[in-house]
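Engineer: Sequence first, predicted coordinates after that:
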Amino acid sequence: MKIARLADLADAATCPRLVVKVGSSLLVAKDGVRRAWLEGLVSEIAAAKARGQDVIVVSSGAIALGAKTLGLDKGGRGSLADAQAAAAVGQIALSGLWAELLGQHGLTAAQLLLTLEDLEDRRRYLNATATLTRLLDAGAVPVINENDSVATQEIRFGDNDRLAARVAQAARASAVLLLSDVDGLFDRNPALPGAKLLPEVRGVTAEIHAMATGGSSSGMGSGGMTSKLQAAEIAELAGIALAIASGLHDAPMARATAQGIGTLFLPKLNGRRKAGARKAWLGGRLRLKGAVVVDAGAARALGRGSSLLAAGIVRTEGEFARGDAIAIRDDAGATLAHGLSEYDAAECARLMGTQSGEHADLLGYAPRSAVVHRDQLVLL
């Protein structure tokens with residue numbers, strides 16, 4: 001059974017494993033934690049567990065809580081040092097709050113703090129998968145946040161929307177529910193007259209991206225609609241549905257699923273199978289070591305399932321080594337695929353535009369079959 005509507009997210013048969021992301025503005029108001037609202041959400045999570053669903057929570061709020069405790073201005077985001085200090089203090093309060101409220105329903109909370117590298121490095125990604133699987137098998141509710149006390153601007157997700165999608169990939173979840181400060185994706189800025197909520201989106205296209213607006217309206221969070229669309233793209237690679245719904249109301253999960261208020265992102269119906277687990281991980285990577293730019297012929301060949309050959313490369317970007325994840329782009333700058341390079345950047349530059357028969361003389365050793373083999377490549 002496949003998810004086809006928002007109501008399916010509350011069906012254990014259709015959605016056996018659900019990731020719920022909670023934004024900072026929903027957890028923390030100007031006067032402190034929105035405890036009554038959170039108690040209601042935890043009751044909904046307990047109900048989902050009771051009907052047989054696994055639930056993983058991705059919870060923001062550590063920086064906002066810590067900033068309030070430490071008396072930091074700008075919600076703790078005035079500087080990197082402020083954010084890291086606020087996160088260190090706030091994470092204790094946040095995890096304790098989830099443990100307390102879940103415990104009232106007889107549920108065990110488990111805290112996982114992840115960094116970008118935990119999900120970008122393949123071995124660490126598999127370790128996270130194993131931990132999540134064991135916790136869920138034991139009946140626990142994992143509560144996950146980015147480890148903001150050590151993350152820097154260069155090595156962080158930057159928002160929990162994309163973290164939630166990557167966690168869903170790692171946990172082999174059925175769906176992701178992003179609870180936010182908006183009802184979903186509108187065809188234009190929802191503040192404009194005539195803006196319409198889109199109930200369903202199949203595949204995130206350039207036109208869909210054009211509908212996105214900037215940051216969250218609360219000023220507390222770090223994600224906006226753009227990050228949510230990026231999360232939907234990450235989920236789609238693994239065949240995972242993703243929904244955006246408002247958390248500003250009581251019982252937000254039921255409002256989304258029972259009343260159908262929100263936007264449900266479903267994988268495109270284009271005949272392509274979802275990427276396997278390894279390729280989904282590769283396609284969802286947020287940090288790439290470099291890129292190669294290809295001509296129109298190579299772009300068409302990639303679309304037909306071919307490997308990337310040197311003859312179709314027109315330019316290299318960045319410094320990368322053999323085995324590094326790189327982007328494959330067309331000349332207009334659009335990213336066509338992610339792949340693991342069989343050569344370093346200098347070798348790619350030497351080989352680009354040449355035929356395979358020339359490679360041994362250019363390299364001085366027996367060449368590999370492709371610059372990026374199709375088994376190490378995922379189309380986006």
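Structural biologist: Nice, thanks for sending it over. Residues are numbered from 1 along each chain as shown.
Engineer: residue boundaries of the strands in the stretch 201-350 of the chain?
Structural biologist: 241-246, 263-266, 290-294, 313-317, 325-329, 335-340 (DSSP state E, counting those that start in this stretch).
Engineer: So which bits of the fifth one are buried?
Structural biologist: Within strand 325-329, the residues scored as buried using 16 or more other CB atoms under 10 Å are 325-329. For glycine as for every other residue, the C-beta is placed from the backbone atoms N, C-alpha and C.
Engineer: so what secondary structure elements neighbour it?
Structural biologist: For strand 325-329, the packing partners by 3 or more CB pairs under 8 Å, 6 or more residues apart in numbering; DSSP states H and E come out as strand 290-294, strand 335-340.
Engineer: Most tightly packed of these?
Structural biologist: strand 290-294 (a mean of 23; mean count of other CB atoms under 10 Å).
Engineer: That one vs strand 335-340, what angle?
Structural biologist: 130 degrees (axes from the mean of the first three to the mean of the last three CA atoms, to 10 degrees).
Engineer: which neighbours does strand 290-294 have in its sheet, and in what orientation?
Structural biologist: On the basis of DSSP bridges, the sheet neighbours of strand 290-294 come out as strand 313-317 (antiparallel), strand 325-329 (parallel).
Engineer: Could you give the average pLDDT over that strand?
Structural biologist: Averaged across strand 290-294, the pLDDT comes to 95.
Engineer: With stretch 128-147 instead?
Structural biologist: On average, stretch 128-147 scores 96.
Engineer: List of residues touching it?
Structural biologist: Contacts to stretch 128-147, defined as CB atoms under 8 Å, 6 or more residues apart in numbering, come from residues 17, 45, 49, 54-62, 87, 91, 94-95, 98-99, 102, 107-116, 118-119, 156-157, 160, 163, 167, 170-172.
Engineer: Of the residues you listed, just the buried ones, ChimeraX syntax please.
Structural biologist: The buried subset of those, as determined by 16+ other CB under 10 Å, is captured in ChimeraX by this line:
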select :17,45,49,54,55,56,57,58,59,60,61,62,87,91,94,95,98,99,102,107,109,110,111,112,113,114,115,116,118,119,156,157,160,163,167,170,171,172
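Engineer: Inside strands: which ones of the contacts of stretch 128-147?
Structural biologist: By the criterion of DSSP state E, membership of the contacts of stretch 128-147 in strands covers 17, 54-59, 109-114.
Engineer: what's the closest of the residues you listed to Phe186?
Structural biologist: Val58 (23.5 Å; CB to CB).
Engineer: What score does the closest one have for pLDDT?
Structural biologist: Val58 is assigned 97 on the pLDDT scale.
Engineer: got it, and the one 4 residues further on?
Structural biologist: pLDDT for Ala62: 91.
Engineer: same check, this time on Met1
Structural biologist: Model confidence at Met1 (pLDDT) stands at 72.
Engineer: do the same with Arg273
Structural biologist: Value for Arg273, per-residue pLDDT: 52.
Engineer: hmm, back to that, what's the closest of the strands of the stretch 201-350 of the chain to Gly305?
Structural biologist: strand 335-340 (11.0 Å).
Engineer: So which residues of the stretch 101-250 of the chain form helices?
Structural biologist: With helices called from DSSP state H, counting those that start in this stretch, the stretch 101-250 of the chain shows them at 116-120, 122-137, 160-171, 206-210, 225-237.
Engineer: Using TSV, lay out those helices together with distance to Arg368.
Structural biologist: Output for those, formatted as TSV (distance: least, CB to CB, whole Å):
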stretch	distance to Arg368
helix 116-120	24
helix 122-137	20
helix 160-171	28
helix 206-210	34
helix 225-237	26
